[in-house]
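J.: Pasting the sequence and the predicted coordinates here, then a few questions.
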Amino acid sequence: GPEARKILDLDHRFVSPSYGRDYPMVARRGSGMMVEDVDGNVFLDFSAGIASVSTGHCHPAVVRAIQKQAETLIHMSGTDFYYPLLTRVAEKITSITPGDFPKRVHFANSGTEGIEAAMKLARYHTRRHRFIAFLGCFHGRTFGSLSLTASKAVQRNGFGPLLSGVSHVPYPNPYRCANRHPAGDCDCSGVEAIKKLFKTSVPPEEVAAVVVEPIQGEGGYVVPPPGFLRELRELTERYGIVLIVDEIQTGMGRTGRMWACEHSGVVPDILVTAKGIASGMPLGLTVARADIMNWPPGAHASTFGGNPVACAAALETIRLLEEKYIANADKVGKYILDRLQGWPAKHRNVGNVRGKGLMIGIEVVKDPASREPYPEMRQKVIQRAFELGVLVLGCGVSTVRLMPPLVVEQFQADFALDVLERVIEEASK
């Protein structure tokens, strides 16, 4: 619309061109599952601010918590002073993260900052320098986290040399097995490549940490084989390697459990979360075993990390998630996956559907036999869905990801799926 075009013109003139936008959505306000643009067009949001507005847009209870705190104290800096809400969030988050042992929490503003803290902490604790991450992973774009990230070449191009001592291995993908097993017949654990590294080029005694997403996010919403995390945990324990689980996108109830690693029963040494923890407010947490997070004052801090307003939003978000929205994510997620299961047989360009809870991927291919990715069609699907009032985003080479707020209702899921099926049929012609 005309108002959106005005904003786009200003954006092109004054905003960094490094931001990637799939379509010209200029948001003005949001409520629950709906977003209105500056021209009054209303959209059903299946992107959730990239999995961030877990309780929906502007949930009344979260808004009240933010307003109440903003009237009292906005900032003082938790690195030099004490906040009541910061300690309350730390107490709460240590009680709901996996592991029946003492934990401590570092507060930052985003997921990438949380990963940076986890990397520094792993090096400090182990006195080792190497890291192992996975091809297709995304852990952020700041220097340390970018050294782990291996999602798209453009994210790394021109910024090297990056952090030394980082090795990447394939992430186990049952649909696209690195060992060329047929789709659906792969039971590769994913840890064999790490064992090979240990035998050939990476002494395990030098590895500080393995960093892993329990479900790969930007890499394509890839759900690994059931035993993957457990085998990885066993391997890291064998060599005294810190296991860092990145729950930035998968955490806060998105997969139908508070943490995606709970599906495997795996307890990490360090867990990083952000995005959905504060319903859209900037907050990133690094949660570690207390015997690991024992660095001295001044070793690592953040001026704005643990901001009182963000902490107020986080406490209310956690309450709402525990009260009803994690259960809803599990229920509606299963409903969506049930509806999608027949799509690969029904639509020749749908190669695979996968996910847990409300973290669901639809992989678009040129044909089911070759499984060749079809990014051009994926982009057509995303653009046409936008034109028809549904906001979705891509991930991986050619996957459409569904990551609605956890408040989504069944009738809204039906509307979104009806639109997506229509646009897939259109794009296939």
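T.: Noted; the coordinates are in hand.
J.: Asn179: neighbouring residues, count only.
T.: By other Cβ atoms under 10 Å, 10 other residues sit near Asn179. Just so you know, the C-beta spots here come from the backbone N, C-alpha and C atoms, and that holds for glycine as well.
J.: Just say helix, strand or coil for it.
T.: coil (DSSP: H, G, I helix; E, B strand; the rest coil).
J.: if I look at it, how far off is Lys120?
T.: For Asn179, the distance to Lys120 (Cβ to Cβ, to the nearest Å) stands at 35 Å.
J.: How about Asn294?
T.: In terms of Cβ to Cβ, Asn294 sits 13 Å off from Lys120.
J.: Among the two, which residue is more densely surrounded?
T.: Lys120 (17 against 13).
J.: Wasn't that one part of a helix?
T.: Yes - applying three-state DSSP, one finds Lys120 inside a helix.
J.: Going forward, count from 18.
T.: Renumbered: residue one is now 18, and that last one reads Lys137.
J.: quick one: it from Ala305, how far?
T.: 11 Å.
J.: same deal with Leu357?
T.: 37 Å.
J.: Please apply the same query to Ala78.
T.: 30 Å.
J.: before we move on, the earlier item: settle it for me: which of Leu357 and Ala305 has more neighbours?
T.: Ala305 (28 against 21).
J.: Which residue is the nearest non-sequential neighbour of the more buried one?
T.: Spatial nearest neighbour of Ala305, chain neighbours left out: Ile287 (4.4 Å); criterion: Cβ to Cβ, 6 or more residues apart in numbering.
J.: Tally up the residues packed near that neighbour, please.
T.: 27.
J.: Can you give me the distance of Gly207 to Leu246?
T.: 9 Å.
J.: what residues are up against the nearest residue to Met420 once chain neighbours are set aside?
T.: In this structure, Met420 finds its nearest non-sequential neighbour in Ala68, 4.5 Å apart by Cβ to Cβ, 6+ apart. Counting by Cβ atoms under 8 Å, 6 or more residues apart in numbering, Ala68 makes contact with 234, 266, 271, 292-293, 376, 420.
J.: again, 6 Å this time
T.: Neighbour list for Ala68: 266, 292-293, 420 [criterion: Cβ atoms under 6 Å, 6 or more residues apart in numbering].
J.: What of Gly359?
T.: Contacts of Gly359 by Cβ under 6 Å, 6+ apart: none found.
J.: swap in Val381?
T.: Val381 touches 366, 391, 394-395, 415, counting by Cβ under 6 Å, 6+ apart.
J.: go on, Ile132?
T.: Ile132 neighbours (Cβ under 6 Å, 6+ apart): 156-157, 162, 289.
J.: just to revisit the earlier point, rebuild the contacts of Ala68 as TSV, extending it with secondary structure, neighbour count and distance to Glu438.
T.: Output for the contacts of Ala68, formatted as TSV (DSSP: H, G, I helix; E, B strand; the rest coil; neighbours: other Cβ atoms under 10 Å; distance: Cβ to Cβ, whole Å):
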residue	secondary structure	neighbour count	distance to Glu438
Gln266	coil	29	25
Lys292	helix	27	28
Gly293	helix	30	27
Met420	coil	29	18
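J.: Tell me the one among those nearest to Gln86.
T.: For the contacts of Ala68, the minimum distance to Gln86 (Cβ to Cβ) is 19.0 Å, reached by Gly293.
J.: what about the chain, any weak spots by pLDDT?
T.: 197-206 (pLDDT under 70).
J.: dump the residue contacts of the residue most central in space within it.
T.: Nearest residue to the geometric centre of the chain (Cα atoms, centre = their mean): Gln266, 1.8 Å. Residues counted as contacts of Gln266 (Cβ under 6 Å, 6+ apart) are 68, 234, 292.
J.: Which single one of those residues is nearest to Arg121?
T.: The closest of the contacts of Gln266, once distances to Arg121 are taken by Cβ to Cβ, is Lys292, at 21.2 Å.
J.: ok, that closest one touching Thr267?
T.: No - using Cβ atoms under 6 Å, Lys292 is not in contact with Thr267, being 9.2 Å away.
J.: before we move on, the earlier item: any idea how far Ala150 is from the residue nearest to Ala305?
T.: 14 Å.
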